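1. sequence first, then the predicted structure:
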Amino acid sequence: MSDIHHAPEADHAPGIPVRHTRAKGEPRFPDGPKADPAGSHFERRIRSFQPRRSRVTAGQADALQRLWPKWGLDIDGRRAIELTELFGNANPVVLEIGFGMGEATAQMAAADPGTNILAVDVHTPGQGNLLSLADHHGLSNIRVGNGDAIILLREMLAPDSLDGLRVYFPDPWPKKRHHKRRLIQPEFLSLAASRLKPGATVHCATDWEPYAEQMLEVLTAHPDFVNTQRDGGFAPRPGFRPLTRFEGQGLDKGHVVNDLLFRRVSDEGPQ
């Protein structure tokens, strides 16, 4: 596949993109996210995500090249990261796993500039789009992680370092034989709980009702979390979670979207 670059010096008219064909083995974005940052350094296991290949626009490619060194994080699992250094301040940090094209993430960052968002995904066009949105709107409270969020949580983040976790519209893996690939499982919640501060909120949303029921069951049964809803059920969509275009299309088709809001309890029990 060819990528579009603007050559710094050329005989053509200024501003006209020059098509550059990559040599075999040449990185797609030399200064951008790595194709497989963790490589084979960690055990093989069933993953909840599946990388998707799709076209990267010229604007997204430009953002990846320019902004990745500043606002990007390759999840290689080889080092611990200090969140205050990553963001340049000590503001609360929320981890968002799976952000699609990043529109909702950018809206939440703009609405709450005092909260830092570490947004993780493996979709290159989405990474470029979110970086472009952050740059265009001056959102310095966004960092974009590339790779496996499990490795990030387990190998790179300190205990009690996160103030929240957001998982919006994860892959539902609808076939029964694929249910083991779903992210919201007891083992994942135990890992997440170890990195969340007491009182931190886990916020999930899905338009796949069987997955919503499983999320509710697994979160309710987990000893480290308590439902914020007195009736023990689903939560109304909170105002801070934007209604995305994808979600709106689903609602127009009659899909039911369920939000779940659970709180990390302290070691002494529910707060």
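-> Here it is on my side, so go on. Remember, it's a predicted structure, so these values are computed and weren't measured experimentally. Numbering: from 1, shown residues only.

2. for stretch 200-217, how far is the first residue from the last?
-> One end of stretch 200-217 to the other measures 19 Å (Cα to Cα, to the nearest Å).

3. give me the buried positions along it.
-> Of all the residues in stretch 200-217, those buried under the rule 16 or more other Cβ atoms under 10 Å are 200-208, 211-212, 214-216. No exception for glycine: its C-beta is placed from N, CA and C like everyone else's.

4. out of these, flag the one nearest to S190.
-> V202 (12.2 Å; Cβ to Cβ).

5. who's in contact with that closest one?
-> Applying Cβ atoms under 8 Å, 6 or more residues apart in numbering, we find V202 in contact with 164-165, 167, 189, 192, 196, 219, 225, 260-264.

6. and what about it, helix, strand or coil?
-> strand (DSSP: H, G, I helix; E, B strand; the rest coil).

7. which residues does it bridge with?
-> L165, F262 (DSSP bridges).

8. how far away is it from I81?
-> V202 is 21 Å from I81, where distance means Cβ to Cβ, to the nearest Å.

9. for stretch 162-169, which positions count as buried?
-> Neighbour-count burial for stretch 162-169 [16+ other Cβ under 10 Å]: L162, D163, G164, L165, R166, V167, Y168, F169.

10. so how far is it off the chain centroid?
-> Per Cα atoms, centre = their mean, to the nearest Å, the displacement of stretch 162-169 from the mean C-alpha position of its chain is 8 Å.

11. what's the mean pLDDT across that stretch?
-> The average pLDDT for stretch 162-169 rounds to 97.

12. residues contacting that stretch, please?
-> 92-100, 104, 115, 183-184, 192, 195-197, 200-207, 241, 244, 246-247.

13. quick one: the helices in the stretch 1-150 of the chain?
-> For the stretch 1-150 of the chain, applying DSSP state H, counting those that start in this stretch gives helices covering 58-71, 83-87, 103-111, 124-137, 149-151.

14. wait, which of the ones you listed is closest to R230?
-> Closest among the helices of the stretch 1-150 of the chain, using Cβ to Cβ: helix 103-111, at 25.6 Å.

15. just the CA atoms of that closest one, as CSV, please.
-> Output in CSV follows, covering the C-alpha atoms of helix 103-111 (Å, rounded to 0.1, in the frame of the first residue of the first chain):
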residue,chain,number,x,y,z
GLU,A,103,-15.0,12.0,18.3
ALA,A,104,-16.6,11.2,21.7
THR,A,105,-13.2,11.1,23.4
ALA,A,106,-12.4,14.6,22.0
GLN,A,107,-15.8,15.9,23.2
MET,A,108,-15.3,14.6,26.7
ALA,A,109,-11.8,16.0,26.9
ALA,A,110,-13.0,19.4,25.7
ALA,A,111,-15.9,19.4,28.3
